[in-house]
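Asker: Sequence and predicted structure are below.
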Amino acid sequence: MKSEFKIGNKFIGDGYPTFIIAEAGSNHNGNIEQAKRLIELAAEAGADAVKFQTFKAKTLYVKDAGESDYLKVKTSIYDIIESMEMPEDWIPALSEHCRKNKILFISSAFSEDSVDKLDPYINTHKVASYELNHIPLLKYVASKNKPIILSTGACTMEEIDYSVNAIDRQGNDGLCLMQCVAAYPAPPEASNLKAIVSLKEKYKIPVGLSDHTRDPFTAPLGAIALGANVIEKHFTISNQLPGPDQPYAVEPHELKEMILRIRELEKALGDGKKKVEPVEKELFYFAKRAVHAIQSIKKGDVFSEENVAVLRPGKQERGVAPKHFENIIGKTAKKDIKPFEGIKETDY
């Protein structure tokens with residue numbers, strides 16, 4: 001599989017800017033104008049893509065699945081999911097609104113039919129954590145020959161292995177795995193960000209973080225410092241809106257600040273090559289120690305710890321590096337040297 005690939009005009013992989021997905025999910029609350037506003041806010045925040053979810057309750061849960069304990073509401077999960085469905089006839093309009101706002105459109109597919117509906121409008125297929133073991137769906141997604149972003153929440157390494165191999169056998173070599181903790185919200189201490197490193201080392205492909213913590217900064221910034229190539233973060237217009245995902249999603253100003261800090265962190269990470277940076281050069285010459293005379297030295301005098309020392313030169317012309325100090329001691333001065341003058345190689 002590839003260590004890098006493109007989604008639209010964006011490269012995904014080491015050495016490229018982090019690909020940032022603003023996860024709108026179902027926070028449109030069934031209102032297409034609200035969905036469009038989410039697109040606008042994601043673009044204004046500087047995200048590379050905005051992501052929705054395309055599903056039907058009948059292809060997700062058995063009808064008598066019962067109530068979800070984590071949602072803490074006395075409504076069946078089937079009915080909740082059904083109420084969150086995004087009408088499929090929105091897809092062209094949302095895609096076009098993304099184009100107008102210069103942001104990529106993504107929507108997770110949860111069935112083969114959803115894949116077909118989305119495929120003409122997207123550059124990448126996103127597969128959610130709970131679909132990772134849905135091998136028929138993964139094969140179908142892979143057959144579309146577009147890059148795949150695959151979340152790994154609540155998954156074992158054995159399951160991930162099987163799924164990665166299934167995608168690979170379909171001839172699709174553009175895969176990004178997403179470290180994810182399937183809890184809503186996820187406590188920061190459960191984030192296991194070091195799994196990003198493990199997944200990158202094992203598969204040699206791009207790896208990202210699908211973050212469900214409420215905090216806008218800790219997990220995303222930590223993930224990038226560990227090598228994440230993609231960040232996905234749930235966001236909403238307001239935490240006060242109704243819906244199961246609204247309370248733990250970040251608000252627009254937090255999303256914008258998160259992206260700003262990510263871009264600052266990318267610059268701070270640098271290229272990994274240790275060198276004297278341009279901003280250091282002034283103090284490199286001013287404050288980095290060198291060998292200097294500490295009193296007048298006449299031609300023929302012997303250098304000793306009484307007349308030379310390792311000092312910061314300030315605006316004096318620098319002497320030789322301190323590594324030469326011990327070699328200088330005992331040598332004879334070849335010329336007169338003024339107090340505080342830097343000792344040159346030609347002086348001994």
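Answerer: In hand now; what should we look at?
Asker: in this protein, which spans are strands?
Answerer: When assigned using DSSP state E, the strands of the chain occupy the ranges 5-7, 10-12, 19-25, 49-54, 104-109, 125-127, 148-151, 175-180, 207-211, 230-234, 290-293, 308-311.
Asker: mind giving me the domain ranges of this protein?
Answerer: Domain assignment for the chain, taken from automatic domain parsing, gives 11-269, 278-347.
Asker: Start and end of the first one, how far apart?
Answerer: The first residue of domain 11-269 is 18 Å away from its last residue (CA to CA, to the nearest Å).
Asker: For Gln246, give me its contacts.
Answerer: Gln246 makes contact with Asn27, Thr236, Ser238, Asn239, Gln240 under the criterion CB atoms under 8 Å, 6 or more residues apart in numbering. The C-beta positions use only the backbone N, C-alpha and C, and glycine is treated the same way.
Asker: if we go to 10 Å?
Answerer: For Gln246, the contacting residues are Gly25, Ser26, Asn27, Asn29, His234, Phe235, Thr236, Ile237, Ser238, Asn239, Gln240, taking CB atoms under 10 Å, 6 or more residues apart in numbering as the criterion.
Asker: which residues does the nearest residue to it once chain neighbours are set aside contact?
Answerer: Excluding its sequence neighbours, the residue lying closest to Gln246 (CB to CB, 6 or more residues apart in numbering) is Thr236, at 4.9 Å. Residues counted as contacts of Thr236 (CB under 10 Å, 6+ apart) are 23-25, 27-29, 34, 38, 41, 243, 245-252, 254-255.
Asker: follow-up on the earlier one: okay, the domains of the chain, which one's buried deepest?
Answerer: With neighbours taken as mean count of other CB atoms under 10 Å, the domains of the chain reach their highest mean count in domain 11-269, at a mean of 18.
Asker: what pLDDT, on average, does stretch 50-65 get?
Answerer: Mean pLDDT, computed over stretch 50-65, is 95.
Asker: Over to stretch 193-200?
Answerer: Here the average pLDDT along stretch 193-200 is 99.
Asker: Stretch 295-315 too?
Answerer: Averaged across stretch 295-315, the pLDDT comes to 98.
Asker: Any chance you could list what contacts it?
Answerer: When contacts are defined by CB under 10 Å, 6+ apart, stretch 295-315 is touched by residues 283, 285-294, 318-319, 321-325, 327-343, 347-348.
Asker: and the longest helix along the chain, what does it pack onto?
Answerer: With DSSP state H applied, the helix covering the greatest number of residues in the chain is identified as helix 252-269. Judged by 3 or more CB pairs under 10 Å, 6 or more residues apart in numbering; DSSP states H and E, the packing partners of helix 252-269 are strand 19-25, helix 32-45, helix 218-225, strand 230-234.
Asker: Name the stretch from the ones you listed that approaches Tyr61 most closely.
Answerer: Proximity of the helices and strands packed on helix 252-269 to Tyr61 was assessed by CB to CB; the nearest stretch is strand 19-25, lying at 16.9 Å.
Asker: could I have the closest one exported to CSV, CA atoms only?
Answerer: Presented in CSV, the C-alpha positions along strand 19-25 are these (Å, rounded to 0.1, in the frame of the first residue of the first chain):
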residue,chain,number,x,y,z
PHE,A,19,-5.5,16.9,6.4
ILE,A,20,-8.3,18.3,8.6
ILE,A,21,-11.8,16.9,8.5
ALA,A,22,-14.5,18.9,10.2
GLU,A,23,-17.0,16.2,11.2
ALA,A,24,-20.5,17.6,10.9
GLY,A,25,-22.0,14.1,11.1
